[in-house]
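1. no FASTA, just this:
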């Protein structure tokens, strides 16, 4: 196995039908990707599931011929893994309430386990609308908001995970909420039922 072969060449070989090339790629980046996933989920079996799902997506994309990140394979795979991690937290736990400063609290109706079917549909719609709105935010604000909302992390934990000071993390959260409110107002979105 020649580890000197470029990722881009391995990808081209795999697309041309050489299954071994994908194996080399997975082995080459396995440690980096697994460590990244584990650092976010802190659970071995969830890490394995997300790792497998990541490479299922990678394989599908390569098979469809829609891969275009020439020479940037690892960052592309990391982005796929990152999105799957966020999906995992969205599915596995209801969105924790944000009890921070600022009277703005769009998450207040998320958390009633006894919702009837109609309310559940509305709640699901709000969850998905909210995800779309959050995706409009700048990356640094989106990251803090996601950690706070979906993972219920403290600002100390967010600070340690992102490598910024607690004040910076708080600032990003504040700007994220301000921007989210702006996006909601500009689009006349009603988040009540």
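-> Perfect, I can see it now. It should be emphasised that the depicted structure is a prediction, and the values quoted were computed from it without experimental measurement.

2. how does this structure divide into domains?
-> As given by automatic domain parsing, the domain ranges for the chain are 7-92, 117-186.

3. mind giving me CSV with those domains and columns for mean pLDDT and mean neighbour count?
-> No exception for glycine: its C-beta is placed from N, CA and C like everyone else's. CSV is the format used below for the domains of the chain (pLDDT from 0 to 100; neighbours: other CB atoms under 10 Å):
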stretch, mean pLDDT, mean neighbour count
domain 7-92, 86, 15
domain 117-186, 81, 16
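
4. on contacts alone, who are the packing partners of the biggest helix by length in the chain?
-> For the chain, the longest helix by residue count, based on DSSP state H, is helix 19-41. With contacts taken as 3 or more CB pairs under 8 Å, 6 or more residues apart in numbering; DSSP states H and E, helix 19-41 sits against helix 7-15, helix 44-64, helix 73-92.

5. Show me the contact partners of the first one.
-> Right, helix 7-15. With contacts defined as CB atoms under 8 Å, 6 or more residues apart in numbering, helix 7-15 is touched by 21-22, 24-25, 28, 62-63, 65, 67, 70-71, 73-74.

6. Reformat those as CSV; add distance to residue 49.
-> Listed next are the contacts of helix 7-15 as CSV, based on distance: CB to CB, whole Å:
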residue, distance to residue 49
21, 24
22, 19
24, 23
25, 20
28, 21
62, 21
63, 21
65, 27
67, 23
70, 29
71, 29
73, 22
74, 20
